[in-house]
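Q: Just need the structure, nothing else, for what follows:
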Amino acid sequence: MRNRTLTSFFLLFAALHSPAKAQHIAAASESTITVSGAGITSETYHLAQVYGDWFATATDAHAALTLRTLPGAHQAQLAIGWDGKGPAQTIDAAKSDVHSAGGFQFSLHLTGAGPYSQSAQLRGSDAITVTITKMDSLTLEGTFSGSATGAGPLTISGVIKLHRTATAEKPTGTFGNCDPQIYDRLAGAEWRSPSDCEVKFDAYVRKGLTAALQPVIETLTAQGWNVTSAVEPQSLTSIPRHTEDKPFQLAEQQTHQGGAFYVSLALDKSSPIYQQYDSQTQAAMQQMADQMKASVASVTKSTTDAVHDAVKEQQEHTTLQIGIAINAPGAGITIFKGGHTVTQLPAGGFAVSAPFVQAPGGGGEDVAQRVTYVFLGPFTPPAAAASSGPENVQVKGTLNNARLMSVQTIRIRIQSGTELAQQVIKLIDWSALQNLMAGK
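A: All right, here's what the predicted structure looks like:
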């Protein structure tokens, strides 16, 4: 996810270097900025172009704007932002620092000849006061004044006067009693802020998935397994743009885990099972080391294959990764060799298992993994294949685009040996998953 510090940095970088790539909004601007000092007697710039966004609700308000002049001999580009409902907002050097987390920003970039070519920021005791006279979903009006530092001290004043006929963002789906409107604090960033409904639905889904995996975690930890990593239980703060008119998906930023909701476990090294597979791996590696002492050329293919197979077998029996995604429209499974099996599950859905599946992050057969996928919902199962050659298995699903805030499909990726995967499937609380799909 994008945190606010990174977002502030990207907004400032975009404002200073490539504003045309920021989010342009359809708003009329009669804004101006007047600059004097550091060789500039007094210059007023008309800021006719607008990038970024703003919003105002009954309890909150936020603005993140880049205002630009039209092309000409003297051009100006102003980045300004604040956070909060107060009619007077003070932006100082500490607040506008890219490492701050308050959503405040101020920077000015002038283009022209001589003193009219300089960049200014807030340094030391510099501060800008913004006085807001009107701020709602369609109109933003106010004034600002203060000082900044460019090639020297600058005195700055200006007017913000923006008007648009409609907000940039569409509302999202609803989920019970919630606000579906998007109030975007991340204007200019790759992702956007979620609506209140998306935050609540995301929390509901994660609670249900946690309940579904709890029996797995409790049973395996009692058998000597340790949780090595798991998704953090935190509120949704950002989501991909242009997703508001599609069924809600858990954003898959943890691609190496195969799902946005995941848990990884490893068998304790003192376990007899771990010791068994580790001794096999050590023996295979020792054989290769003995051959290398004689000559690198004397290391046989059968020896290197034995090391690879021993490492792979140890990994399959002593590590476990489970990733879950909801409302995935399907899955493409690249299998390097070994064929795949398809099994209908007693609780509904089906499982697809194969021994040499391409890793989520890519790569070849040398890093392929044994994986079992579980599909719940309107998925079409593929035909089983006994072939030992490479395959590209496509599992297609169907989503109802009118049901934005509902769990229509569930895809579970289990990376482990076959026996362990079957144990996991038996331990999953299927009623928790069925309740999610039923909206309970």
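Q: only C-alpha atoms for contact and neighbour calcs from this point on.
A: Will do.
Q: Pull the contacting residues for residue 88.
A: Going by C-alpha atoms under 8 Å, 6 or more residues apart in numbering, residue 88 touches 129, 130, 131, 132.
Q: who wins for neighbours among those residues?
A: residue 130 (24 neighbours; other C-alpha atoms under 10 Å).
Q: Look up the closest residue to that residue, ignoring the ones flanking it.
A: Leaving out its chain neighbours, the residue that sits closest to residue 130 by C-alpha to C-alpha, 6 or more residues apart in numbering is residue 144, at 4.3 Å.
Q: And for residue 348?
A: Of all residues not flanking residue 348 in the chain, residue 376 sits nearest, at 6.9 Å (C-alpha to C-alpha, 6+ apart).
Q: pretty sure that neighbour is touching residue 407, no?
A: No. In this structure, residue 376 is not within contact of residue 407 by C-alpha atoms under 8 Å, at 10.2 Å.
Q: that older thread, can you name the two of the contacts of residue 88 that are farthest apart?
A: Comparing all pairs in the contacts of residue 88 by C-alpha to C-alpha, the longest separation belongs to 129 and 132, at 9.7 Å.
Q: so where's the protein uncertain?
A: Counting by pLDDT under 70, the ranges of the chain that qualify are 1-24, 99-101, 168, 251-259, 386.
Q: Any buried residues in the host helix or strand of residue 291, and which?
A: Residue 291 belongs to helix 272-294 when elements are defined using DSSP states H and E. In terms of neighbour count (16 or more other C-alpha atoms under 10 Å), helix 272-294 has its buried residues at 274, 277, 278, 280, 281, 284, 285, 288, 291.
Q: helices or strands up against it?
A: Helices and strands touching helix 272-294, by 3 or more C-alpha pairs under 8 Å, 6 or more residues apart in numbering; DSSP states H and E, are helix 301-318.
Q: just checking, next helix/strand downstream of the helix it packs on?
A: Remark: after helix 301-318, the chain's next helix or strand is strand 319-326, criterion DSSP H and E.
Q: okay, that next one in CSV with CA atoms only?
A: Included here for strand 319-326 are C-alpha records, laid out as CSV according to Å, rounded to 0.1, in the frame of the first residue of the first chain:
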residue,chain,number,x,y,z
THR,A,319,7.0,-25.1,4.7
LEU,A,320,3.4,-24.0,3.9
GLN,A,321,2.1,-20.9,2.2
ILE,A,322,-1.6,-20.1,1.9
GLY,A,323,-2.9,-17.2,-0.1
ILE,A,324,-6.6,-16.2,-0.6
ALA,A,325,-8.2,-13.9,-3.1
ILE,A,326,-11.9,-13.0,-3.5
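Q: How many neighbouring residues does residue 92 have?
A: Tallying neighbours of residue 92 according to other C-alpha under 10 Å, which is how burial is gauged here, yields 23.
Q: The nearest residue in space to it that is not next to it in sequence - how many residues pack around it?
A: The shortest distance from residue 92 to any non-neighbouring residue, by C-alpha to C-alpha, 6+ apart, is to residue 127 (4.3 Å). Around residue 127 there are 22 other residues, counting by other C-alpha under 10 Å.
Q: Residue 94 is in contact with residue 127, correct?
A: No. Counting by C-alpha under 8 Å, residue 127 stays clear of residue 94, with 9.5 Å between them.
Q: gap between the residue with the largest distance to the centre of the chain and residue 308?
A: Within the chain, residue 294 marks the point farthest from the mean C-alpha position, 50.8 Å out by C-alpha atoms, centre = their mean. Relative to residue 308, residue 294 is positioned 21 Å away (criterion: C-alpha to C-alpha, to the nearest Å).
Q: Okay, helices next: where are they in the stretch 1-150 of the chain?
A: If DSSP state H, counting those that start in this stretch is used as the criterion, the helices of the stretch 1-150 of the chain fall at 4-17, 93-96.
Q: Now do stretch 109-122: distance from first to last residue.
A: Counting by C-alpha to C-alpha, the length from the leading to the trailing residue of stretch 109-122 is 12 Å.
Q: List the buried residues in that stretch.
A: Within stretch 109-122, the residues that count as buried by 16+ other C-alpha under 10 Å are 109, 110, 111, 115, 116, 118, 119, 120, 121, 122.
Q: neighbouring contacts of it?
A: Stretch 109-122 is contacted from outside by 16, 38-40, 73-78, 92-93, 96, 106-108, 147-151, using C-alpha under 8 Å, 6+ apart.
Q: which of the residues you listed count as buried?
A: Using 16+ other C-alpha under 10 Å as the threshold, 16, 38, 74-78, 92-93, 96, 106-108, 147-150 are the buried ones among the contacts of stretch 109-122.
Q: Distance from the biggest helix by length in the chain to the middle of the chain?
A: The single longest helix within the chain, with elements called by DSSP state H, is helix 196-222. Relative to the mean C-alpha coordinate of its chain, helix 196-222 is positioned 19 Å out (C-alpha atoms, centre = their mean, to the nearest Å).
Q: contact partners of the very next helix or strand once past it?
A: Per DSSP H and E, the first helix or strand lying C-terminal to helix 196-222 is strand 225-230. With C-alpha under 8 Å, 6+ apart as the test, strand 225-230 has contacts from 217, 220, 221, 261, 262, 263, 264, 265, 266, 267, 268.
Q: relative to strand 319-326, how tilted is strand 225-230?
A: With axes from the mean of the first three to the mean of the last three C-alpha atoms, to 10 degrees as the criterion, the two stretches strand 225-230 and strand 319-326 enclose an angle of 50 degrees.
Q: What pairs with the following helix or strand past strand 225-230, parallel or antiparallel?
A: Counting by DSSP H and E, the next helix or strand C-terminal to strand 225-230 is strand 239-240. Sheet pairing of strand 239-240 (DSSP bridges) gives strand 191-192 (antiparallel).
Q: which residues touch the partner strand?
A: Residues external to strand 191-192 that are found in contact with it (C-alpha under 8 Å, 6+ apart): 2, 184, 185, 186, 238, 239, 240, 241.
Q: gap between the closest residue to residue 44 other than its chain neighbours and residue 88?
A: Leaving aside its chain neighbours, residue 44 sits nearest to residue 34 (4.2 Å; criterion: C-alpha to C-alpha, 6+ apart). Taken as C-alpha to C-alpha, the spacing of residue 34 relative to residue 88 amounts to 20 Å.
Q: next one: residue 209
A: The separation that residue 209 has from residue 88, given C-alpha to C-alpha, amounts to 45 Å.
Q: What of residue 274?
A: 64 Å.
Q: ditto for residue 260
A: As it turns out, when the distance is counted by C-alpha to C-alpha, residue 260 lies 41 Å from residue 88.
Q: just residue 202 next, same as before
A: The spacing between residue 202 and residue 88, counted by C-alpha to C-alpha, is 35 Å.
Q: re earlier: give the bridge partners for the residue nearest to residue 44, please.
A: Residue 34 has the following beta-bridge partners by DSSP bridges: residue 44, residue 157.
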